[in-house]
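K.L.:
got a predicted structure plus its sequence, pasted below:
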Amino acid sequence: DQQVKQNSPSLSVQEGRISILNCDYTNSMFDYFLWYKKYPAEGPTFLISISSIKDKNEDGRFTVFLNKSAKHLSLHIVPSQPGDSAVYFCAANTQGGSEKLVFGKGTKLTVNP
Amino acid sequence: KAGVTQTPRYLIKTRGQQVTLSCSPISGHRSVSWYQQTPGQGLQFLFEYFSETQRNKGNFPGRFSGRQFSNSRSEMNVSTLELGDSALYLCASSLVPGIGGELFFGEGSRLTVL
């Protein structure tokens, strides 16, 4: 049973445009959500997070939106840059609990110059 | 400061053998967790250790085990290897557990089972 789903295995956008990566979850106990970025041959790198008490969190070009009623979150990258090309993983946790993150299977983003 | 260090980076084993993977967390980090990444299943949680105690365990068979030492370094062991154990094994560390899941990952140990 996949509790965190990223239904788009890949996404291709032009440099300078917006990239929108989507993630759905089924477990209503999740209250903390994170996005990680992974380049080939490297470990995942933390990008941005959001607590369930918020519906938006921004960090520079990256914004995460959370819609709890729909159990949906999205990551917006504006403007997209070729260096953003990587696999993006959505993850969820119960805050204050363990380090047991539940990950989606990832979306490969390609930003074309 | 140095990141999470995992050794070995690559290894090849045959079915039935066992393997031990090592992880040195970021200096000062006391929580270590392990994840398995495969193309079909994505990243799956294996275990979590804090102060030498296993706090949580994922849904993996007993062939997968781990431990943490007093200096926070951690090892995981897989016995009686199966072909399906071929994966990238990632170690992650944080200062203490439960502070929001912002884990710092190593580059991983890529295990191939023949």
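P.N.:
Sure, I can see it. Numbering: from 1, shown residues only, chains lettered A, B, ... in the order given.

K.L.:
contacts and neighbour counts: CA atoms only from here.
P.N.:
Fine.

K.L.:
my guess is B:Phe104 contacts A:Lys38. True?
P.N.:
No: under the criterion of Cα atoms under 8 Å, B:Phe104 makes no contact with A:Lys38, lying 12.0 Å away.

K.L.:
next, B:Gly84: secondary structure please.
P.N.:
Per DSSP: H, G, I helix; E, B strand; the rest coil, the secondary structure class of B:Gly84 is helix.

K.L.:
residue contacts, it?
P.N.:
B:Val113 (Cα atoms under 8 Å, 6 or more residues apart in numbering or on different chains).

K.L.:
do you know how far it is from A:Met29?
P.N.:
Noted for B:Gly84: a distance of 31 Å to A:Met29, by Cα to Cα, to the nearest Å.

K.L.:
before we move on, what about A:Ser51?
P.N.:
Between A:Ser51 and A:Met29 the computed distance is 12 Å (Cα to Cα).

K.L.:
repeat that for A:Lys105.
P.N.:
With Cα to Cα as the criterion, A:Lys105 and A:Met29 are 20 Å apart.

K.L.:
also A:Ala86?
P.N.:
Taken as Cα to Cα, the span from A:Ala86 to A:Met29 is 29 Å.

K.L.:
count the neighbours of A:Leu75 for me.
P.N.:
A:Leu75 has 24 neighbours, counted by other Cα atoms under 10 Å in any protein chain shown.

K.L.:
so how far is chain B from it?
P.N.:
Using Cα to the nearest Cα, to the nearest Å, A:Leu75 is found at 17 Å from chain B.

K.L.:
assign the residue lying closest to that residue once chain neighbours are set aside to helix, strand or coil.
P.N.:
The shortest distance from A:Leu75 to any non-neighbouring residue, by Cα to Cα, 6 or more residues apart in numbering or on different chains, is to A:Val64 (4.5 Å). Put simply, A:Val64 is strand when judged by three-state DSSP.
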